[in-house]
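S.K.: Below: sequence and its predicted model.
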Amino acid sequence: MDSIVVTGNGPLNGDIPIAGAKNACLTLMPATLLSDEPLTLTNAPRLSDIKTMTELLQSLGAEVQGLQDGQVLAMSSHDLSNLHADYDIVRKMRASILVLGPMLARAGQAVVSLPGGCAIGARPVDLHLKAFEAMGADLDLRDGYVHAKAPSGGLKGAVIEFPFASVGATENALMAATLAKGTTVIKNAAREPEIVDLADCLRAMGAQIEGDGSPDITIQGVDRLGGATHRVVTDRIELGTYMLAPAICGGEVTCLGGKLSLVEAFVERLDAAGISVEETEKGLKVSRRGDRVQAVDVVTEPFPGFPTDLQAQMMALLCTAEGTSNLEEKIFENRFMHAPELTRMGANIEVHGGTAKVHGVERLRGAPVMATDLRASVSLILAGLAAEGETVVSRVYHLDRGYEHVVRKLSSVGAKIERVRGE
Ligand code: EPZ
């Protein structure tokens, strides 16, 4: 397994390009199953999760072609030859559950493996299933699979009220509702930019959707959807991640393509910590106001709140802040696995259930550390950028799921970082 070796190397300066959003692409790709006409995605990120989704769609009979080195995905699912999403693929990536709604809506039936949990939590899909039942589907859970069947006349429009603004459940219900008979209203829907991006793409395909980005989304079902070409929205989590590099090291970095509207709650916390963010025509220009950031409290919430996917990276910044910061993780039950690794680097962190208390120290010291999940892995790299000496981050396959060209992007602004091939 490969490792990444980072050595503290002073301020960073320059531009970092930000790719298309992994979590938008992973819901836009299954949308091809809703139509027998071609759906083309541009600005697609080149990530292992995208390869896994490609493999899954191809196993269902869809055609997925990566063009221009994978930045363009040309897809079409003229014939869905297989309605069985196998555990072997689904277990590699939980977002695979997002093929269930489109298959039910287009083909009237589907057998999809339950995704199982992951390092950060149990990750149930009960809200997805409740939404399909509300639309008239008959669901039978057995042998680790969901055996789903729509009514003979197809899914029916329904009022779906989520107890929690689940991103995936909103995406699955939204896609299924586009072809349901009648009107569907999703109440307490997730409001993430990836939801709006999906709705934009579905509208380009002919769907009738209103209210995306607000808690209430209304969908008028249509008989069929056509093809479209859609540009994947900028990845706000990659954006926030790289904004933290100059915040931690000093210097001035512009994250190309960044927009304040994608990261408002995050930027509000950065500003409170002493980091300047300016939106320019190129993107978001970031610099630290003084030599040391101030401690701030963080609570993760559904959008437009502070994103849980930036919690680990923010902790890396706060490890050397002046004062004590409290980070409350309210989305996932086990998302502080980066804390013991940061402690190995000299951080002073107390974790009690869903809250981590970070007592700022002057400077971290490089150490061998282990990546445990996607966002934890990049948090350790960020911490290593300003630590004294060398940090070796192992198990970086986690990183490849969500970040393309990390070494190239950080080296281009002056970081001392390299990838070492493992056995
Ligand atoms: C999406 O996961 C993202 N993944 C996650 O990003 C992100 O952390 C999460 O949304 C929250 O923003 C993709 O988009 C592929 P949820 P998702 O449904 O859809 C509970 C990353 O690092 N829940 O909003 O699974 C669930 O257990 C990944 O890129 C239920 O209880 O998130 C969790 O505690 C990590 N029942 C909470 O809700 C359900 O049916 C949030 O889940 C569904 C969810």
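M.R.: Yes, it's here. This one's a predicted model, so the numbers in the text were calculated from it and none came from an experiment.
S.K.: contacting residues around the closest residue to the ligand within the stretch 151-300 of the chain?
M.R.: In the stretch 151-300 of the chain, the residue that lies nearest the ligand is Gly168 (2.8 Å; Cβ to the nearest ligand atom). To be clear about C-beta, it is placed using only N, CA and C from the backbone, and glycine gets the same treatment. If you count contacts by Cβ atoms under 8 Å, 6 or more residues apart in numbering, Gly168 has them with Thr27, Arg94, Ala95, Ile97, Leu98, Val125, His128.
S.K.: filter the residues you listed by proximity to the ligand?
M.R.: Ala95, Val125, His128 (Cβ under 6 Å from any ligand atom).
S.K.: Tell me which of those residues fall in strands.
M.R.: When DSSP state E is applied, the ones next to the ligand among the contacts of Gly168 are split such that none fall in strands.
S.K.: Most neighbours among these, which one?
M.R.: For the ones next to the ligand among the contacts of Gly168, neighbours were counted using other Cβ atoms under 10 Å, and His128 has the most, 24 neighbours in all.
S.K.: That one against Gly101, yeah?
M.R.: Yes. His128 lies in contact with Gly101 (Cβ atoms under 8 Å); the separation is 7.5 Å.
S.K.: Now for these two: what residues contact both?
M.R.: Asn172, Ala173.
S.K.: related to what we said a few turns ago, closest one to Arg288 out of the ones next to the ligand among the contacts of Gly168, please.
M.R.: Distance to Arg288 across those (Cβ to Cβ) is lowest for Ala95, with 34.8 Å.
S.K.: pLDDT value on that closest one, please?
M.R.: At Ala95, the pLDDT value in this model is 94.
S.K.: now swap in Gly116 and tell me
M.R.: 71.
S.K.: now do Arg292
M.R.: For Arg292, pLDDT reads 96.
S.K.: Renumber starting at 56 from here on
M.R.: Let's use 56 as the start, then, which means that last one is Arg347.
S.K.: what sits against it?
M.R.: Counted by Cβ under 8 Å, 6+ apart, Arg347 has contacts Gly329, Thr375, Ala376, Glu377.
S.K.: at 6 Å what do you get?
M.R.: Contacts for Arg347 (Cβ atoms under 6 Å, 6 or more residues apart in numbering) come out as Glu377.
S.K.: Beta-bridge partners for Lys471, please?
M.R.: Taking DSSP bridges as the rule, Lys471 bridges to Thr62.
S.K.: Distance check, Glu118 against the ligand.
M.R.: 23 Å (Cβ to the nearest ligand atom, to the nearest Å).
S.K.: cool, Phe391 as well?
M.R.: Counting by Cβ to the nearest ligand atom - Phe391 and the ligand are separated by 14 Å.
S.K.: which phi and psi does that residue have?
M.R.: Dihedral angles of Phe391 (phi, psi; degrees, to the nearest 10) stand at phi -120, psi 30.
S.K.: neighbours of it, just the number please.
M.R.: For Phe391, using other Cβ under 10 Å, the count is 23.
S.K.: if I pick it, what's in contact with it?
M.R.: Val406, Ala411.
S.K.: how far away is Glu319 from Gly295?
M.R.: 11 Å (Cβ to Cβ, to the nearest Å).
S.K.: Tell me which of the two has more neighbours.
M.R.: Neighbour totals were compared for Glu319 and Gly295, and Gly295 leads with 25 against 14 (other Cβ under 10 Å).
S.K.: State the three-state secondary structure for the more buried one.
M.R.: Put simply, Gly295 is helix when judged by DSSP: H, G, I helix; E, B strand; the rest coil.
S.K.: for Asn137, same thing?
M.R.: On the basis of three-state DSSP, Asn137 is classed as coil.
S.K.: Point out the residues in the stretch 106-255 of the chain that sit beside the ligand.
M.R.: Counting by Cβ under 6 Å from any ligand atom, the stretch 106-255 of the chain sits next to the ligand at 150, 176, 178-183, 219, 221-224.
S.K.: right, and the pair among these with maximum separation?
M.R.: Farthest pair in those, by Cβ to Cβ: Ala150 and Phe219, 17.7 Å.
S.K.: just the helices in the stretch 156-305 of the chain please.
M.R.: 181-189, 222-232, 248-259, 291-304 (DSSP state H, counting those that start in this stretch).
S.K.: Just want the angle from the last one to helix 248-259.
M.R.: Using axes from the mean of the first three to the mean of the last three Cα atoms, to 10 degrees, the direction of helix 291-304 lies 150 degrees away from that of helix 248-259.
S.K.: residues in contact with helix 291-304?
M.R.: 66-67, 71, 73-74, 308, 310, 313, 317-318, 321, 330, 341-343, 364-365, 368, 372, 433, 437, 440-441.
S.K.: just checking, next helix/strand downstream of that helix?
M.R.: The helix or strand immediately downstream of helix 291-304 is strand 306-311, counting by DSSP states H and E.
S.K.: Tell me the buried residues in the following helix or strand past that next one?
M.R.: Sequence-wise, the next helix or strand downstream of strand 306-311 (DSSP H and E) is helix 319-328. For helix 319-328, the neighbour count (16 or more other Cβ atoms under 10 Å) marks Ala320, Phe321, Val322, Arg324, Leu325, Ala328 as buried.
S.K.: where does the protein have low pLDDT?
M.R.: 172 (pLDDT under 70).
S.K.: Map the structural domains onto the sequence of it.
M.R.: In the domain annotation for the chain, the residue ranges read 58-73+289-475, 77-286 (automatic domain parsing).
S.K.: now the end-to-end length of the longest one.
M.R.: Spelled out, it's domain 77-286. Domain 77-286 has an end-to-end distance of 13 Å (criterion: Cα to Cα, to the nearest Å).
S.K.: now swap in the first one and tell me
M.R.: According to Cα to Cα, domain 58-73+289-475 extends 5 Å from its N-terminal end residue to its C-terminal end residue.
S.K.: Out of the buried residues of helix 319-328, give me the two with the largest separation.
M.R.: Farthest pair in the buried residues of helix 319-328, by Cβ to Cβ: Ala320 and Ala328, 13.2 Å.
S.K.: what about the closest residue to Ile303 other than its chain neighbours, how many neighbours?
M.R.: Leaving aside its sequence neighbours, Ile303 sits nearest to Ala441 (Cβ to Cβ, 6 or more residues apart in numbering; 4.9 Å). For Ala441, the neighbour count with other Cβ under 10 Å is 24.
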